[in-house]
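Participant: kindly return the folded structure for what I paste below:
(2 chains)
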Amino acid sequence: MLEFQKQILSELVDQDALLIMSPGLGLFTIFSSFINLYTKGNHLVLILNTNQDQNEAIMEKQTTLGIPPDQQLQILDNETTSESRVRPNSMEELILRIYRKENEQGFIKALSDQPEQFTTGFAPLENTLKTLQLRTVHLWPRFQVVVSENLAKASADVVELRQPMTDKMDTIQKALVECMEVTLAEVRRQNSMVDIEDFTIENSFFRSFDMIIRRQLDPIWHRISPATKQLVGDLSTLRKLLSYLTTYDPVSFYYQLQVVIASNTSRDGVSTRQYQSQWLFLDAADKAITTARKRIYLKKNDMEYARLEGPIITADGKTQLKLVPEELPKWNLLHDILNEIEQDMPEEGAPVLIMVNGARTCSQLRQYINGMNKPTQENEPKPILTRLIQWFFSLQKSIYQIQQEDSTSSYNTTGSSPSSTSHTQASSSSGKLPMIKRGSAPPNKRRRVRGGSLAVAASSSRSHSIVEALKTDVQETVDLLNEPGPGEEEEEEEEGKEQDPMVDEITLGKDDILPEFSEVDPGSIVSIQTYDNDINEALLEDLQPRFIIMYDPNPTFVRRIEVYRATHPELDVRVYFMIYENSVEEQNYLSMIRKEKQAFERLIREKSIMAIPMPQRATPQQDAFARAVSTRVAGGQLRSKGPPKVIVDMREFRSSLPPILYGQGFTQCENMCLHYELPILLIEFDENKSFSLQSLSDMRPNVQLNDLSSKLVLMTLTFPKVKIIWSSSPHETASIFDELKKAEEEPEMDKAVLVGAESTDDLNSAYNMTPQDILRSLPGVTSKNYKILMNHVENLQQLFDLSMDELKKLIVSEAKLRKILELNDKLKEQLEIPRIPVSEASRSLIDFCQTKPDLMVPSVWGSRNPDPFAEPVGECACALM
Amino acid sequence: SGNTILVNFSRQKDNPILKHIHNVPWEHDDAIKSDFAVGKTTGVWFLSLRYHRLNPGYIHDRIGDAARTYVLRILLIHVDVENYHEALRELNRTAILNNFTLVLSWSKEEAARYLETFKVLEHTPPDLIRERSKEDYADTLERSLTNVRSVNKTDVLTLRTHFHSLKGIANAKADQLAMCPGFGEQKVKRLQQAFVQPF
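Facilitator: Purely as a prediction, here's the structure:
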């Protein structure tokens, strides 16, 4: 551990505190050493807000330190919490409050390495401390004196490489930024009440911008027009595209652009309530799309077509495309760096570490490095690009198919004139997509086409053969796509196959896939890793790399390298730092550093002026007292049986907001009416959002069945028994419940549980809601049969693997089962009727006849004496006829 | 009087929401006990919170008169004050205890719309809320998969082009998913979890 880390740790042990430090300075190291300190004795340590990976890492660390497993995390009497996610009113606050109430001695420590999180809102630091029940805060920015001294000791050997982007990338970036600017200006224009200060183009490059914008718009969300909502969504789409520009290869980027456009243009048949993305109509957007295409292939009427060399593909003998795939500039740069490292290698096998963003880049670079040293002809695209292009064209085909399917299906259902106009709109706006312009199946792998046509030319007409070849090609690339692993096949393989036209296309199996991990430079170990906060701390220690290449910029990791170098002064570490010059990437990186610095400056200022919150002592139970002397309990005559309680159905608690007023809401209402005397629907609003059901701007001129209000009305009409509670926030709900309970008896758990439950098994089962939601959204799955399906299969994957027959059987058996059960119920009802054996019945009949004289049959019962009409004698005043 | 909303004109003639009832005709009928009769068995009592603040006793008197009148009794409230918490808490309770169904509106237009809707839907069977409206494969797929957090419609289209069917998507390997543009580790993990997690 470094000097400053030790200092932080001892401060933390001394006193309960909130620690905020710069990311990358080893928060996790401090955290785990801290845990280790307290796992020695008989302590219970609660750790909040760690994720699974972190837990595993802690466990692992403890095991390596030789702590016997029975002394690990389980046995531990104190508490610590990490991360900055603790907000007022959260579950964490509750835990802390209960903990403090019961335990005055235990410690609470909070750790965070995200200073930016503490700078939004009003007096954020003070409020967080209050929530955490803490009084001190320790700030450890990178510019703290001890930290800088510690880290400055190590000699710096950093090669900073500022790679210019290609002209086309630059054009696309400018175009996208222009789109963002226009969109942003539009948002500002439409909403004059928002605070303009934060709505800058620079801010909008960050993911946090979504939060800023939502926070500003949330309280007035109901007054915002759908157009603005669309714009806000567009901004985040554009921001993503910008980041893809530098991280994705040209082919994937163009594809992503296409998909974004395709999914944002309205499909035919669907009413165009959804507003079109405005940026799609800008010239800049058009420019971005065209340029993105030119990074892969050129069309005949493009200006560059004649100038640039490249393989030409032909389809139908009409359309000609010239493939001019562009490489990402960083790939080349990486190539050069790896060569340089090879020359400078101090000893055999010095580890080289390449750090990238995301698994995708990781696997692509792996492919690239694999193909790097293979001999390639001049003018021939790199194998990785060839593969990507194949992938691309196969997807083009399937997008085309999907659009065909969708348009035919919607024509079948609507087929009216408005739908056809919207169709032309859609196709005109998405007309830039090549598959629509071409109209026919797109050309595919060039060599395959030629080889295929040669093979079958003798037997059938040429055009026919090409179509066939294309069909099989598409089929095959699709198969290829379904094969596991990104490694796929090699170019040589394909050539070998094409020389032999007899080889069946289908044999492209797993055997053809070369092992993915071939050695790149024998003698050195190149490992490509992704940025992943807490795991990375151990990464550098584990690998002990001598060369580190930061393929994507990441300020946190820069710190980590600094710490790594300071802890290992004996290693001569060289760091390459790659960044695109004048790119959004660069700007993002710089702003991230600046934002962190500003965050710390704000924190330091707030720390110096804030009111230090007093520890909250447990408040006396005023509530309970008031209740004890309440006049409502008949002057104390009625003993309350305990604190008032509300019984909550945990099944609902776990559900992610059920789509109320849909099928589920309906059955629920049905069931509630069946089992409760007074069913109530609770409509609760988010505290931070506007308290209203529908925005005025969403209101249509006439009554629409699909409006939320119509559904609500229909529900009240169908179930007049169901009452509604409107609550503006969870707090409100609690107090309304409190009010209501005054007039009601306390519920009893056991009884409440039995209401409407089919069996006790129903009650205690915990369900995972997302898979269930998906299941219930499938067509044909109803509220009646979904449980059967759930019981029959383990998960969705299994369900999808069932054959049609099996599914039928399930559903049919369900219908049968229901019928049997119904029948059974009827039989049971009949069984309830009390019954007597025939012998007993006849016996009682005989008895009755023998004991009661029937005066109308004198032959049996003698004369009409006694006279039936005479006044009865004795106590009985009625005569039996 | 089958297709009209009956309005208790003696009480409601100055009510501004009358101006916003466009889609359904209305006529005077001072005999009705409620403020608006929007169906044979449905009566609506109207209350503006601003008025309630000045005359808190009014609604209680009205509610007292209303005993045993309609099957469905609606208390339509126009939330036209900023500080509504106290009043709403009380009205929530009053409504439930007196067998009234509370409906809130935040504008005159919305209140009028509720009146219209009650009348229009008087005889509509509840199929609408029972079943979802018709949709095609793309819609179903989109609605289904967007249940997974952070998956949006663009992602659904990407998944569809890559794997063609829901089954294909469910059986896709993690690294295949990770190769789809727009899919980061988180998204891949969430998606796979949804398919593999037991219900």
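Participant: look up how far residue B:123 lies from residue A:576.
Facilitator: Residue A:576 is 75 Å from residue B:123, where distance means C-beta to C-beta, to the nearest Å. For glycine as for every other residue, the C-beta is placed from the backbone atoms N, C-alpha and C.
Participant: more neighbours, the two?
Facilitator: Using other C-beta atoms under 10 Å in any protein chain shown, the more surrounded residue of residue A:576 and residue B:123 is residue A:576, with 23 against 9.
Participant: the host helix or strand of residue B:74 near chain A anywhere?
Facilitator: Assigned by DSSP states H and E, residue B:74 belongs to strand B:72-78. Yes: interface with chain A: strand B:72-78 contributes B:72, B:74 (C-beta under 8 Å from any C-beta of the partner chain).
Participant: any low-confidence regions in the stretch 701-850 of chain A?
Facilitator: A:743, A:745-767, A:783-784 (pLDDT under 70).
Participant: now the residue located most distally from the centre of chain B: which helix or strand?
Facilitator: Going by C-alpha atoms, centre = their mean, the residue of chain B most distant from its centre is residue B:175, 42.4 Å out. In this assignment (DSSP H and E), residue B:175 forms part of helix B:174-179.
Participant: which parts of that helix are buried?
Facilitator: By neighbour count on 16 or more other C-beta atoms under 10 Å in any protein chain shown, the buried set for helix B:174-179 is B:176-179.
Participant: ok, it near chain A or not?
Facilitator: Yes: Helix B:174-179 reaches chain A (C-beta under 8 Å from any C-beta) through B:175-176, B:178-179.
Participant: helix or strand right after the least confident helix or strand in chain B by mean pLDDT?
Facilitator: Using mean pLDDT, DSSP states H and E, helix B:127-130 stands out as the lowest-scoring helix or strand of chain B, at a mean of 62. The first helix or strand that comes after helix B:127-130 along the chain, using DSSP H and E, is helix B:137-145.
Participant: for that next one, name the packing helices and strands.
Facilitator: Under the contact definition 3 or more C-beta pairs under 8 Å, 6 or more residues apart in numbering or on different chains; DSSP states H and E, helix B:137-145 sits against helix A:383-413, helix A:769-777, helix B:153-163, helix B:166-171.
Participant: check which helix or strand covers residue B:46.
Facilitator: Going by DSSP H and E, residue B:46 is part of strand B:42-48.
Participant: what does that strand contact?
Facilitator: Residues from elsewhere that reach strand B:42-48 (C-beta atoms under 8 Å, 6 or more residues apart in numbering or on different chains): A:717, B:12, B:15, B:17, B:32-38, B:58-59, B:62-63, B:66, B:69-78, B:80, B:91, B:100, B:111, B:114-115, B:118, B:122.
Participant: show the subsequent helix or strand relative to that strand.
Facilitator: Downstream of strand B:42-48, the first helix or strand assigned by DSSP H and E is helix B:49-54.
Participant: who does that following helix touch, helix- and strand-wise?
Facilitator: For helix B:49-54, the packing partners by 3+ C-beta pairs under 8 Å, 6+ apart are helix B:58-65, helix B:85-97.
Participant: dump those helices to CSV, plus mean neighbour count.
Facilitator: Converted to CSV, the helices and strands packed on helix B:49-54 look like this (neighbours: other C-beta atoms under 10 Å in any protein chain shown):
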stretch, mean neighbour count
helix B:58-65, 14
helix B:85-97, 19
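Participant: mind checking which of the ones you listed is nearest chain A?
Facilitator: Counting by C-beta to the nearest C-beta, chain A lies closest to helix B:85-97 out of these; the figure is 4.7 Å.
Participant: using CSV, write out every CA atom in that closest one.
Facilitator: Extracted C-alpha coordinates of helix B:85-97, given in CSV (Å, rounded to 0.1, in the frame of the first residue of the first chain):
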residue,chain,number,x,y,z
HIS,B,85,-52.2,17.2,0.1
GLU,B,86,-54.3,17.8,3.1
ALA,B,87,-57.6,18.1,1.2
LEU,B,88,-57.0,15.0,-0.9
ARG,B,89,-56.0,12.9,2.0
GLU,B,90,-59.3,13.7,3.6
LEU,B,91,-61.3,13.3,0.4
ASN,B,92,-59.7,9.9,-0.3
ARG,B,93,-61.0,8.8,3.1
THR,B,94,-64.4,10.4,2.8
ALA,B,95,-65.0,8.8,-0.6
ILE,B,96,-64.1,5.3,0.5
LEU,B,97,-66.1,5.5,3.7
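Participant: the very next helix or strand once past it vs helix B:85-97, what angle?
Facilitator: Per DSSP H and E, the first helix or strand lying C-terminal to helix B:85-97 is strand B:101-105. Strand B:101-105 runs at 150 degrees relative to helix B:85-97, counting by axes from the mean of the first three to the mean of the last three C-alpha atoms, to 10 degrees.
Participant: right, and the helix or strand after strand B:101-105?
Facilitator: helix B:108-120.
Participant: so what secondary structure elements neighbour that following helix?
Facilitator: Going by 3+ C-beta pairs under 8 Å, 6+ apart, helix B:108-120 lies up against helix A:708-718, strand B:5-7, strand B:42-48, strand B:72-78, strand B:101-105.
Participant: would you mind giving the residues of helix B:174-179 next to chain A as a markdown table with pLDDT and distance to residue A:366 added?
Facilitator: Formatted as a markdown table, the residues of helix B:174-179 next to chain A follow (pLDDT from 0 to 100; distance: C-beta to C-beta, whole Å):
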| residue | pLDDT | distance to residue A:366 |
| --- | --- | --- |
| B:175 | 81 | 11 |
| B:176 | 84 | 15 |
| B:178 | 82 | 12 |
| B:179 | 81 | 12 |
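Participant: what is the nearest of those to residue A:811?
Facilitator: residue B:176 (31.1 Å; C-beta to C-beta).
Participant: how close does that closest one sit to residue A:259?
Facilitator: Distance from residue B:176 to residue A:259, by C-beta to C-beta: 16 Å.
Participant: quick one: the residue nearest the centre of chain B and residue B:26, what's the gap?
Facilitator: By C-alpha atoms, centre = their mean, the mean C-alpha position of chain B lies nearest to residue B:103, the distance being 9.4 Å. Distance, residue B:103 to residue B:26, by C-beta to C-beta: 18 Å.
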